[in-house]
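Visitor: build me a structure from this.
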Amino acid sequence: MESNTLADQLHALDKRGFCMLTQVIPATQLPAVRAEVLAVVAEHRGDGAPRHVGFVPGLVNHTRCFAPYLVEPRLTALLAECLGEHLRISFTSAIVNELGNERGGWHADWPFNQHNAGRLPAPYPDLRMHITTLWMLSPFCQQNGGTLVLPGSHRRDSNPTSVAGPDPHQQLSGEVQISGDAGSVLVMDSRLWHATAANQTGEPRVALAVRYAPWWLNLEVLRPESDERRRLCGESGRDENRVPSIPNEAYQALPADVQPLFRHWRQRTS
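Guide: Below you'll find the predicted structure:
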C-alpha cells in the first residue's frame, strides 16, 4: 500500500526501512517499457547472475525507456528529503526473475554489503546514505517472487553478509514479502535486509533496480576502469559491483532534466 504523503513516506522509511509509491510509470506506458527491458535482458544478460535470473548492469547504456520517470515529482521530493541536494544515481540494473529461480540470501545493498571491496565496514553508523528503488514492471506478489524484506533491520549496524551475521539463507521471524501493482516503486534504505524470492509462475517477474547516493558518497570504486577500484579490490581481495561509464551518445539521449543524475558517469576522454 502506498504511503500517501511525503511525511508518511519519510516516517515509513525511518521506522520500517521502506515505503511504496504507486503509478510512477503510467499504465499506458508499462507494456512498452517492460518489452524494451526484456529485449535488453535477452541480448545483454550477464553471466554472473544466479540461475534463472536475467541481470543487466548499466541498463541506461542500453535503453533510456525508463528515464523520464526518474524525475517523477513524488519520487524526486522523497529522494531529496532522504539524501539532500545534488543527489545522483549510483546504479541502474534490470532484474528479471524467471521460473525456477531460487530464494536468495539475506543481504543489504552496497555500500553495506560486506562482500564488496568498497564496503562500509560493519558495524556501520545509523545514517541513511544510500537508497535502493525497485521498479515493478510486473506486479509483485507471493507467487512470482515479490522481494522479501525484514522491516526495521535498516537500524541495525550489520547485516547477514558479515562473518558475524546470521545464516543468510534462513527464514527470519517478521520477514515480509512485498506485493504491489506494476508501475509502482519500492523505496528502501539500502541498509534494509532483503532477499530474492522464488518465482513459481510461468511468467517473468520484471523489475529495475535504481539506486541513489548523496553527492559526497564516493562511487569511483564501482567504475571498472578507475584506479580506486583497482586499489580497493587488489588490497582487500574482494570483488565489487561494476557500473560502466556512460558513452556520450547515450548521455545526450537522456532527457535534459535527467542528465544531472548521471553526469558523474559520463565516459571520460583522455
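
Visitor: strands of the stretch 51-200 of the chain, residue ranges please.
Guide: 53-57, 88-97, 131-136, 148-149, 176-177, 185-189, 194-195 (DSSP state E, counting those that start in this stretch).

Visitor: against which helices or strands is the longest one packed?
Guide: Using 3 or more Cβ pairs under 8 Å, 6 or more residues apart in numbering; DSSP states H and E as the contact test, the elements touching strand 88-97 are helix 30-44, strand 53-57, strand 205-213. Any C-beta I mention is one placed from the backbone N, CA and C, and that applies to glycine too.

Visitor: can you redo the strands of the stretch 51-200 of the chain as CSV with mean pLDDT, distance to L78 and mean neighbour count?
Guide: Supplementary listing: the strands of the stretch 51-200 of the chain in CSV, determined by pLDDT from 0 to 100; distance: least, Cβ to Cβ, whole Å; neighbours: other Cβ atoms under 10 Å:
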stretch, mean pLDDT, distance to L78, mean neighbour count
strand 53-57, 94, 24, 21
strand 88-97, 97, 15, 24
strand 131-136, 99, 9, 24
strand 148-149, 98, 18, 21
strand 176-177, 97, 20, 14
strand 185-189, 99, 6, 24
strand 194-195, 96, 19, 24
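
Visitor: reformat those strands as JSON lines; add distance to N159.
Guide: Shown next, in JSON lines, are those (distance: least, Cβ to Cβ, whole Å):
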{"stretch": "strand 53-57", "distance to N159": "21"}
{"stretch": "strand 88-97", "distance to N159": "18"}
{"stretch": "strand 131-136", "distance to N159": "13"}
{"stretch": "strand 148-149", "distance to N159": "12"}
{"stretch": "strand 176-177", "distance to N159": "16"}
{"stretch": "strand 185-189", "distance to N159": "12"}
{"stretch": "strand 194-195", "distance to N159": "10"}
